[in-house]
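Participant: When you get a sec, could you give me coordinates for this:
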Amino acid sequence: MQSKADGSRRMYDYVVVGLGGIGSAALYWLSRRVGQGVLGIEQFGLDHDNGGSQDHSRIIRMAYHDDIYTKLTPETYKAFAVAEEESGIQLVYRTGGLLIGKKGESEDIARQYAEAMATNNIPYEWLSGKQLNKKFPQFTTDDKYVAVYQADGGLVDAAAAKAAHVQLARGRGAAVMERCSVLRLLKNDDGTMRVSTSKGDFTCRKVIVTSGAWINQVTGSIGLHIPIYVTQEQVTYMATSNLKEFVKDKFPIWIYHSHAHDFYGMPIHGNTGVKVGIDVGGPVVTPDTRTFVPDPIREQACVELLKEILPRAVGPILYSKTCLYDMPPDRNFIVDTCHRNGYDNVIVCNGAGHAYKFAGLLGKILSEMAIDGHTQYAIGPFSLDREALKDPNFKPVFFSGTSKLPKSKKEEEPGLAKL
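Facilitator: Numbering: from 1, shown residues only. Alright, predicted model coming up:
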């Protein structure tokens, strides 16, 4: 049954605020159990590129630096597989995945990933730089480098997964309202929630807030402010002339840990470019002050790294594209209810700038929390009641190479400190 989205219905069991990667998946998993009882609200169009859930590809991987994520990684593949089977559309591509470091610089980070996988019985290979070169000749690495290879690493088609989740949910009767801003959340006398929007008020049993960089604009009305850093990030697509060497069945996703930055890259998917970017390299912004203009200094940093370890990927810049990261100070997920504020029927989720690979699973977790009041998955470390969110003096730690906080635009020196 196709749902109506004209706003004529005003009462639902569940409302999802924000239909990015996580919110669209929550809408989907809720619809599998309650059909027409769920409404998804998006302040922009469904295909907008204002936030973080956009573009052709996102990394998905078993390899992670911490047990709290590694124990969940197999489950996120399963969650995407459910939507793949139902839609008939491939969303996840297993290309293999690499974590690369230099001896004496970031080898310990690679070992941390290896240990987390070993703890969770995830198979991997430890490679010298020469072995990496032999396995993937595209990498011009010698034994100054080390690498961890995990065969299940790959990419998830971000735009396709988001769209598939929404379309499948609509097919079960879920309602979707685009270009509808949530103004405030209020609790009714009977304990239900009222979601006040630019298109009128909606009543529901529970609200799931997955609004990314705009999370405090929604939760502020119930007295909850979450310390979130929003940064403007970007990716660059290189128009290599050696396309055949960088297709998905010949080239893996990769992450390179340097002393100062985490770089990452992906094979060709969705266009003809090799994708490369810096993780958490951009300035602190707000959704209103961000620009859509790529930073040439960060573009050049990516080019220089490719010249060092992937020279055959280098070519003219096809284009660069910006997006937003929204991150708590410890860069761990937030998945919790707002019961400490008296709103146990409001559930919040923040992906900390690295959640798209978990989006399908997080959607399932949120649906369980909403319907069942609990989830089968281990989400204790993602509580709102943790030091990083309660201590105003907590030092932000955003990426493995360094804990240096990106500067705001007005704090930056021209041409410096943008990485």
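Participant: Could you use CA atoms for every contact and neighbour count after this?
Facilitator: Noted.
Participant: what about stretch 321-336, how long is it end to end?
Facilitator: Length of stretch 321-336, first residue to last, Cα to Cα, to the nearest Å: 32 Å.
Participant: swap in stretch 178-198?
Facilitator: One end of stretch 178-198 to the other measures 11 Å (Cα to Cα).
Participant: what mean pLDDT would you report for it?
Facilitator: The average pLDDT within stretch 178-198 is 98.
Participant: Please spell out which residues along that stretch are buried.
Facilitator: 178, 180-182, 184-185, 187, 192-197 (16 or more other Cα atoms under 10 Å).
Participant: and the residues you listed, which of them are in strands?
Facilitator: Among the buried residues of stretch 178-198, DSSP state E puts 182, 184, 185, 187, 193, 194, 195, 196, 197 in strands.
Participant: re the thing from before, could I get the buried residues of stretch 178-198 as JSON lines with distance to residue 392?
Facilitator: JSON lines is the format used below for the buried residues of stretch 178-198 (distance: Cα to Cα, whole Å):
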{"residue": "178", "distance to residue 392": "36"}
{"residue": "180", "distance to residue 392": "33"}
{"residue": "181", "distance to residue 392": "30"}
{"residue": "182", "distance to residue 392": "28"}
{"residue": "184", "distance to residue 392": "25"}
{"residue": "185", "distance to residue 392": "26"}
{"residue": "187", "distance to residue 392": "29"}
{"residue": "192", "distance to residue 392": "32"}
{"residue": "193", "distance to residue 392": "30"}
{"residue": "194", "distance to residue 392": "31"}
{"residue": "195", "distance to residue 392": "30"}
{"residue": "196", "distance to residue 392": "31"}
{"residue": "197", "distance to residue 392": "31"}
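Participant: Which one of the residues you listed is nearest to residue 210?
Facilitator: Residue 210 lies nearest to residue 182 out of the buried residues of stretch 178-198, by Cα to Cα, at 11.9 Å.
Participant: For the closest one, name its beta-bridge partners.
Facilitator: Bridge pairing for residue 182 (DSSP bridges) gives the partners residue 197.
Participant: Tell me who's in contact with it.
Facilitator: Residues in contact with residue 182 (Cα atoms under 8 Å, 6 or more residues apart in numbering) are 17, 41, 43, 195, 196, 197, 198, 218.
Participant: Out of those, which comes closest to residue 359?
Facilitator: Nearest to residue 359, judged by Cα to Cα, of the contacts of residue 182 is residue 17 at 15.0 Å.
Participant: Mind pulling up the pLDDT for the closest residue to residue 57 other than its chain neighbours?
Facilitator: Leaving aside its sequence neighbours, residue 57 sits nearest to residue 157 (Cα to Cα, 6 or more residues apart in numbering; 4.6 Å). Looking at residue 157, its pLDDT is 97.
Participant: Ends of stretch 118-135, what's the gap?
Facilitator: One end of stretch 118-135 to the other measures 22 Å (Cα to Cα).
Participant: avg pLDDT for it?
Facilitator: For stretch 118-135, the mean pLDDT works out to 97.
Participant: circling back: export the ones in strands among the buried residues of stretch 178-198 as CSV, with columns for distance to residue 224.
Facilitator: CSV is the format used below for those (distance: Cα to Cα, whole Å):
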residue, distance to residue 224
182, 15
184, 12
185, 11
187, 14
193, 16
194, 16
195, 16
196, 17
197, 19
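Participant: hang on, residue 113 packs against residue 65?
Facilitator: Yes: the criterion here is Cα atoms under 8 Å, and residue 113 meets it with residue 65 at 4.5 Å.
Participant: and the two? which has more neighbours close in?
Facilitator: A count of neighbours by other Cα atoms under 10 Å puts residue 113 above the other of residue 113 and residue 65, at 20 against 17.
Participant: Report pLDDT for the more buried one.
Facilitator: At residue 113, pLDDT is 92.
Participant: quick thing: my sequence starts at 32, can you match it?
Facilitator: Let's use 32 as the start, then, which means that last one is residue 144.
Participant: Let me know the secondary structure of it.
Facilitator: Assigned with DSSP: H, G, I helix; E, B strand; the rest coil, residue 144 falls in the helix class.
Participant: Tell me which residues touch it, please.
Facilitator: 94, 95, 96, 97, 179.
Participant: count of neighbours near the fourth one?
Facilitator: Read it as residue 97. 13.
Participant: got it, and the last one?
Facilitator: Burial of residue 179 is recorded as 23 neighbouring residues (other Cα under 10 Å).
Participant: The one 3 residues further on too?
Facilitator: By the other Cα under 10 Å criterion, the neighbourhood of residue 182 contains 18 residues.
Participant: thought it was touching residue 126?
Facilitator: Yes: here residue 182 reaches residue 126: they are 7.2 Å apart, a contact under Cα under 8 Å.
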